[in-house]
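Chemist: Quick check, what structure comes out for this input:
(chains A and B)
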Amino acid sequence: MAKPTILLVDDSVLMRTIIGDIVRADDELSLVGAAENGKVALEMVKSLKPDIVLLDIEMPEMSGLEVMEHLSLMSRAKVIIISSVAQVGSPEANEARALGAVEIIAKPSGTMSLDLAHKKGHDIVAAIRRAAGLAPPAKP
Amino acid sequence: MTSELIETLWRQFGVEAAEHFDLLEKLLSASPGDGPEAERIAALFRSFHSLKGAARAMDLFAMEAVAHRAETVLGRVRSGALALTEEVAAPLLEALDALRCLADSGMRDRRDGQAPGDLLARLDTLGGAMAVAKPAPVPPPPPPVRLHENERMLGLFVGLLHDGMATLTRALDLDSLDEEGLRSVDDTADRLELACERLNFLPFADTLRRFREALAARDADAILRELQAVATASDRIGRLTGKDAGAVILATLLADHNAQILAQGGARADALLADSAALADASVAAELAGLLDRMAATLDIVRLPRGSALLRVLADVMRRTPATDHPDWPVLMADARTMLADLAVRVARDPAEDLDVDEVDSLEARLRAFVDAVSAEREAGEARRPLTAGDLAELGLDLGLLRFLSPDSTADLRAAIADPEMRLYEVTAFLETSPEVASGFVQWMGSKVRAITNWPEFIDGKTWLRVLIASPQELPALADALAGIDPGGGFLRIRACAPSDPTGGGGEPLTTDVPVLADAPSLPAVQSAGAPVATAAPPPPAAPSTRSTTTAAGGVLRVPGEVIDRFMARIDGMVLLSGDLNATANDLRLETALAALTERLGAGDPDLRVLREAVEHHRRDLLDLDTQLSRSVDRLREAALDLRVVPIESLFNQFPRVVRELARGQGKSVRFATEGGEVRIDKSMVEMLYDPLMHMVRNAIDHGIEPAADREAMGKPAQATLSLRAIQRNSRVVVEIVDDGRGIATEAVRAKAVRQGLIGEEDSLHLSPDAVREFIFAPGFSTADTVTETSGRGVGMDVVRTAITRLGGSIAIRTREGAGTAFAIDLPLSAAILRTLLVQVDDQVLAIPDRFVEEVCGFTADDFHRVSGCWTVMRRKRVLPVVRLADALGFPAEGEWPPSGPGQRLVVVLRQGRRRIGLEIDKLLRRGDLFVRESHPGLAEVPGVGGVSLLNDGRIVIILDGDELYRLAALAQRREADIPA
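Modeler: I've put the predicted structure just below:
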């Protein structure tokens, strides 16, 4: 079976690097693209047809929630929100859920220290694997 | 996580944080009137939020804490709980400063810093209790909203449909559709199907699924059928949402396809008409009638009403059992064929043309007359007997109607007149602008009223449809119904047709005109003749709402400055290397050696001659290569220079806040404006211009701009204007600092200059005002006591001028007392590239700025003479003092001094104004363009050093400051003179 394909959407190059690194570390996942804004993301979704979209909420021009509105009409991709705005129970989180987000997780923090990097990376990878129907990752 | 990745992350963090800082600075300093406030607040929120995330990712928790609180404050502003007043903006600016410091120290030490506690507390206060309170207990997520009830989603969906329609119709042309095209159509249909499912439009989703099946099977008929279903569905959705869901596009594109059908149908109809006798067969006639009806419908879509009308009449004739035995029949059919052929030609034109009106009328009249004659003979039924003009006038009907009343419609009309419940109305409709109105109208016609006949009418360059209807309803009820279909009015109008009252005076037909909109009396009434005159043109269809795409990031790439610097250093090295190659290729010794060899060889050994020629050949190749390489290095350098330039806006943007704070501090009101921010200058200039500009901006606010009360007293606006503008002129840029303050009091400057002993009283009176104002730039002119309200400017302007001069620029003043002052700084676009002469002293490579070098001369030891204690040479009949460069710079010198022994001594003639001094050097390297880099602080303190650059081998080139070098050389010369010989 083909590896689940993943598209990463975040306006921060720093976050794209960090999260991209985390996803790439899992051999059973395939990161097919990274978009810096919603518009690019929608174009990439059309052409790349990813299985999973990792989506930031706070982005200029088109917010993550707006992107989700479009995505829900044009893609079967599962959407995982990676954002510190979308705390569980926040209006943003509820709206994201209503629009069909499968997971809502916080942005990675403490990337600098190795242990934390593994721990936070673990959260993201675990969410992706759940969405893709893969076995949970080994505990760090 | 590898250390390389970590380095990358820090670098990205630095670039991103700097971007946010710049943006925040600009947004926080902007005046509320500068743009949409909501956007500004949203952008502020987002920037602080992003900084928070970035800080957390880098373990900078103090920074995260500050950013988080600022974000919280802006969250309250965004929700309207807090206004972005000065009291709120000030701590946010402080937060920005704190974030800058924390980011800097974080990047430097790779360690978390300490957030200022009082700032956190103040931000917490502004952020409200929410900032410290525990997050509220988590409410359960709400049940999923039904998406089609979400108006925004519906809007998106309609947009998707609209955009997808054109792609779907590509399926009509199966033959020209390759694999990729097919996939793209299927993709689109798939996405639309998904969208329909998500919004619960299940029947529509089914239609799209069937369309995809037809596409997969390449079943052209099924494709057309499903597309028509799609058109119907999207039309319905369009009506539902009040937006164009692509039905119009689809209709247009289907019409294109229909043009094809038209051509094929025309050919078949022609064939059937050719054998006019065969039409006696009812099935043949029925086929032809069906064909003509379909073609007429198609002509309606492509808007050729005359052709359509004629074909309908012809179809009518066919259905009425054609009288093939009638003597006129073959002639009529032949004429019909001619007309069809003509129609085929006209339809194929671009744009398609309708039939000629006279020809249509004539043929139509003949056909009708023929049918009527035949029918009259055959049936002689009362109901179908044609009405006369007199009959129509009696009914209050338009006489023009006569030709549109077929026997069937005549019968309908008679029935309606006979029915006491029924009334006659005439509706005038314009159906070509709004698809909603058109479809609503057609539906209304089909269900609520009985249509007797209709005919097109050409009014004001547009084709209106006029319909004669019969209805039991009263006029107001009908008008209401039409108003429901056409809420804007203007497309649908109705009037009642009343029989003329024989007792009424003047014989004027009694018609009652009711505009569809009762409260729009300004609408022109329909004339009694039945034609609306000067009907206001229907409003154009609402422009499709285009999303703003103004801020698309036009391919801008942010690169850390250090990366560019490294890149520059490498190119710099390459420039030097290319220079070395040039020196080697042009080395005279090789040429001399080759010449000597040639002479020695004479007509000697031919083998050696061949070898010599080979060497010569290689030398020429080397020269060619050198030329090419230096050209390409030049181009590379020019391209690289472009990387260094930035919009001067990045400099200007540092000022709004300063201006605001300074003005506030002095209780003055100052509007700050910038112009020409897009002018690009060298990055290093931005840094070097900051201090001088800041100085002048401060001066302008401190001394130039008057308090509001004084301004008003002078009849000026209370708010002063201070602007920074940049104008590019070829390779130079002029930066102006302009204020509309009190201007410079020339007399005060003159008096001060005299008092300070800069000029004698007598002399000062002969100076022009411009010359007097020049004293502002005199060193020492600015002292504390000049800082008075009347002195205007003058604080440290000598420092400003020195800095500008160092950048290779000049500064000029324009001023008028009472009106304001403008300082214009004229600068080269790039101050970072310096043309220098590279020389060597001992092992150190030194660069002397080219413009200070007059020439380099060779002297022998005998040329040196001691004149009044100094060593000199005679140059152009003048005495030129010479010192060792090493002595001037205080470097350890090794060679003998004064020169002795054989061989040449090289002397660089340094000039400053009209003065000259010679510098003895060990070795002359070449001329070279260097990228000046800021020197190491330790090195900068060494006298005479202006900057550093790097050689390709990593050695440092010290760039000497011309003025300073001259001063040091003169000093060394005096020292020498003091030493007794």
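Chemist: Find the nearest non-adjacent residue to residue 43, please.
Modeler: Looking at chain A here, since you left the chain open. residue A:35 (8.0 Å; C-beta to C-beta, 6 or more residues apart in numbering or on different chains). Every residue, glycine included, has its C-beta placed from N, CA and C.
Chemist: To clarify, I was referring to chain B.
Modeler: In space, residue B:43 is closest to residue B:27, 5.8 Å off (C-beta to C-beta, 6+ apart).
Chemist: Report the contact partners of that neighbour.
Modeler: Residues near residue B:27 by C-beta atoms under 8 Å, 6 or more residues apart in numbering or on different chains: B:40, B:43-44, B:47.
Chemist: mind checking which helix or strand the closest residue to residue B:759 other than its chain neighbours is in?
Modeler: Excluding the flanking residues, the one nearest residue B:759 by C-beta to C-beta, 6+ apart is residue B:753, at 5.3 Å. Following DSSP states H and E, one finds residue B:753 within helix B:746-755.
Chemist: could you pull out the strands for chain A?
Modeler: Here chain A has its strands, by DSSP state E, at A:5-9, A:30-35, A:52-55, A:78-82, A:101-105.
Chemist: Name whatever forms a beta bridge with the residue nearest to the spatial centre of chain A.
Modeler: Nearest to the mean C-alpha position of chain A, by C-alpha atoms, centre = their mean, lies residue A:54 at 1.6 Å. Assessed by DSSP bridges, residue A:54 has beta-bridge partners residue A:8, residue A:80.
Chemist: I'd guessed it sits against residue A:8; true?
Modeler: Yes - taking contacts as C-beta atoms under 8 Å, residue A:54 lies within contact range of residue A:8: 4.8 Å.
Chemist: Common neighbours of those two, please.
Modeler: A:19, A:23.
Chemist: residues touching residue 73, list them.
Modeler: As the question left the chain open, I've gone with chain A. Going by C-beta under 8 Å, 6+ apart, the list of residues near residue A:73 reads B:153, B:156-157, B:160, B:191, B:194-195, B:198-199.
Chemist: not quite, I wanted chain B
Modeler: Going by C-beta under 8 Å, 6+ apart, residue B:73 touches B:82, B:88, B:91-92, B:123, B:126-127.
Chemist: Run a quick neighbour tally on residue B:81.
Modeler: Using other C-beta atoms under 10 Å in any protein chain shown, residue B:81 has 12 neighbouring residues.
Chemist: Correct me if wrong, but it is in a strand.
Modeler: No - read with DSSP: H, G, I helix; E, B strand; the rest coil, residue B:81 is coil and lies in no strand.
Chemist: Isn't it up against residue B:128?
Modeler: Yes - contact criterion C-beta under 8 Å: residue B:81 and residue B:128 qualify, at 7.1 Å.
Chemist: Return the residues of the stretch 351-500 of chain B in contact with chain A.
Modeler: By C-beta under 8 Å from any C-beta of the partner chain, no residue of the stretch 351-500 of chain B approaches chain A.
Chemist: So, low pLDDT: which residues of the stretch 351-500 of chain B?
Modeler: B:375-386, B:399-400, B:402-403, B:407, B:458, B:460-461, B:498-500 (pLDDT under 70).
Chemist: Please enumerate the strands of it.
Modeler: Here the stretch 351-500 of chain B has its strands, by DSSP state E, counting those that start in this stretch, at B:423-429, B:450-459, B:462-471, B:492-497.
Chemist: which neighbours does the shortest one have in its sheet, and in what orientation?
Modeler: The sheet places strand B:492-497 alongside strand B:423-429 (antiparallel), strand B:512-515 (antiparallel), with pairing taken from DSSP bridges.
Chemist: need the helix or strand of chain B with the lowest average pLDDT.
Modeler: One helix or strand of chain B scores below all others by mean pLDDT, DSSP states H and E: strand B:512-515, with a mean of 42.
Chemist: sorry, back to before: after the one helix or strand the residue nearest to residue B:43 maps to comes which helix or strand?
Modeler: Element membership for residue B:27, per DSSP H and E: helix B:3-29. Later in the chain than helix B:3-29, the nearest helix or strand by DSSP H and E is helix B:37-57.
Chemist: Stretch B:611-622 - what's its average pLDDT?
Modeler: Per-residue pLDDT over stretch B:611-622 has a mean of 83.
Chemist: and what of stretch B:54-69?
Modeler: Rounded mean pLDDT across stretch B:54-69 is 88.
Chemist: one step back: by contact count, what packs against the helix or strand that the least confident helix or strand of chain B is followed by?
Modeler: Sequence-wise, the next helix or strand downstream of strand B:512-515 (DSSP H and E) is helix B:561-585. Using 3 or more C-beta pairs under 8 Å, 6 or more residues apart in numbering or on different chains; DSSP states H and E, the elements in contact with helix B:561-585 are helix B:606-644, strand B:923-931, strand B:945-950.
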